[in-house]
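> For reference, the sequence and a predicted model appear below.
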Amino acid sequence: MFGIPGKQAVSITDAAAIQIAKLMAKDEHAGLRIGVKKGGCAGMEYTMEYVAEVDPLDEVVEQDGARVMIAPMAQMFLFGTEIDYEVSLLEAGFKFRNPNVTEACGCGESIKFDENLNT
């Protein structure tokens, strides 16, 4: 487990928990796995996928029927992140408020982390 003992790696807002739980129940998923990968104009981007089972190396956060798993290689990048679900006039989707991000592209899909996280 990465981070501070007793502290969850990420937090989930009530809106995100409701949406994740709805999607889990609809298709009988074990939860939502979140990770990061190289790509996008700022260097990295978030990945999200619904999975059938929890990987034993995943960091698991559960709240109000929602389960989020953080892929092992992403744990240091996502520690302290708040996951929200926002609905606006033009779009709806998950939003990440990540204190480790130092730069984001204009579309909000691509991010850059502090260079010290890679060492």
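All right, it came through fine.

> Contacts for stretch 17-35, please.
10, 12, 46-55, 58, 60, 63-71, 73-74, 78, 83, 85, 94 (CB atoms under 8 Å, 6 or more residues apart in numbering). C-betas here are computed from N, CA, C, even on glycine.

> any low-confidence regions in the protein?
1-7, 42, 105-119 (pLDDT under 70).

> The one residue sitting closest to the centre of it: helix or strand, and which one exactly?
Centroid-nearest residue in the chain, with CA atoms, centre = their mean: residue 34, separated by 4.4 Å. For residue 34, the host element (DSSP states H and E) is strand 31-38.

> so the residue sitting furthest away from the middle of the chain, which of the three states?
Farthest-out residue of the chain from its mean C-alpha position, per CA atoms, centre = their mean: residue 89, at 23.4 Å. The assignment at residue 89 comes out as coil when based on DSSP: H, G, I helix; E, B strand; the rest coil.

> now, which of the contacts of stretch 17-35 lie within strands?
10, 12, 46-51, 60, 63, 66-70, 83, 85, 94 (DSSP state E).

> Now restrict these to buried residues only.
Neighbour-count burial (16 or more other CB atoms under 10 Å) is assigned, among those, to 10, 12, 46, 60, 63, 66-70, 83, 85, 94.
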